[in-house]
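Student: What follows is a predicted protein model with its sequence.
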Amino acid sequence: MIYHISISAYNPKHVAEVIAQLWQGQVIPFPNHPGSYIALAFDLYGTMIEVLPKGTELRPGKTEGYVQFAEATAQQSPYSATHAAISVPLSEAEIRAIGEREGWQVNRCNRAGFFEIIEFWLENQLMLELLPPEFAARYLAFTEPHALKYTLGEMATAAP
């Protein structure tokens, strides 16, 4: 179970507001780091995404157990391997409308025939894989432990 993740964005408040809209949730300022925000889903799991300013790094603290926020020192690509698959209560059409309003890329994708997601590119740089209700059931059926073990076993025997 993932309860929260943190991501970075050029406009953290706006990105958090869009994520909250996708969840029909709310945004609050992140108290530990000025200029950062938290999108809250208000679901049974306490799901949230922390959105920090682009260039923020999390580093181990000088004292045990305390994370330090720092600015990156080298120029980085605007892209990242970071992404998350999240359920949203909106339809594909509602997701597309939000993406169009923001000027952000939105793609419906089939993941190797196992399930479908909607790639929603925050600031056209960071991908969220969105699962509206009509997609979530197939994703959950694929990731159900017995089904997933069977599929992985089939894939392993088919590999060269």
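Tutor: Now that the structure is in, tell me what you want to look at.
Student: what's in contact with stretch 113-130?
Tutor: 7-11, 15, 18-19, 22, 78-80, 82-88, 92, 95, 99, 103-111, 131-132, 135, 138-139, 141-142, 151 (CB atoms under 8 Å, 6 or more residues apart in numbering). Every C-beta, even on glycine, is put in place using the N, C-alpha and C of the backbone.
Student: Output that stretch as PDB, nothing but the C-alphas.
Tutor: C-alpha atoms of stretch 113-130 as PDB (Å, rounded to 0.1, in the frame of the first residue of the first chain):
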ATOM      1  CA  GLY A 113      -2.900  -6.200 -23.200                       C
ATOM      2  CA  PHE A 114      -3.100  -6.600 -19.400                       C
ATOM      3  CA  PHE A 115      -5.000  -3.300 -18.600                       C
ATOM      4  CA  GLU A 116      -5.500   0.200 -19.800                       C
ATOM      5  CA  ILE A 117      -4.500   3.500 -18.200                       C
ATOM      6  CA  ILE A 118      -4.700   7.100 -19.100                       C
ATOM      7  CA  GLU A 119      -1.300   8.800 -19.200                       C
ATOM      8  CA  PHE A 120      -1.800  12.300 -17.700                       C
ATOM      9  CA  TRP A 121       1.400  14.400 -18.100                       C
ATOM     10  CA  LEU A 122       1.700  17.000 -15.300                       C
ATOM     11  CA  GLU A 123       3.300  20.100 -16.900                       C
ATOM     12  CA  ASN A 124       4.000  17.800 -19.900                       C
ATOM     13  CA  GLN A 125       6.900  16.300 -17.900                       C
ATOM     14  CA  LEU A 126       5.800  14.000 -15.100                       C
ATOM     15  CA  MET A 127       3.400  11.100 -15.900                       C
ATOM     16  CA  LEU A 128       0.500   9.900 -13.700                       C
ATOM     17  CA  GLU A 129      -1.200   6.700 -14.900                       C
ATOM     18  CA  LEU A 130      -4.800   7.500 -14.100                       C
END
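Student: So which of the contacts of stretch 113-130 belong to strands?
Tutor: Counting by DSSP state E, the contacts of stretch 113-130 place 7-9, 84-87, 106-111, 131 in strands.
Student: Could you find the closest non-adjacent residue to residue 102?
Tutor: Nearest residue to residue 102, sequence neighbours excluded (CB to CB, 6 or more residues apart in numbering): residue 18, at 6.3 Å.
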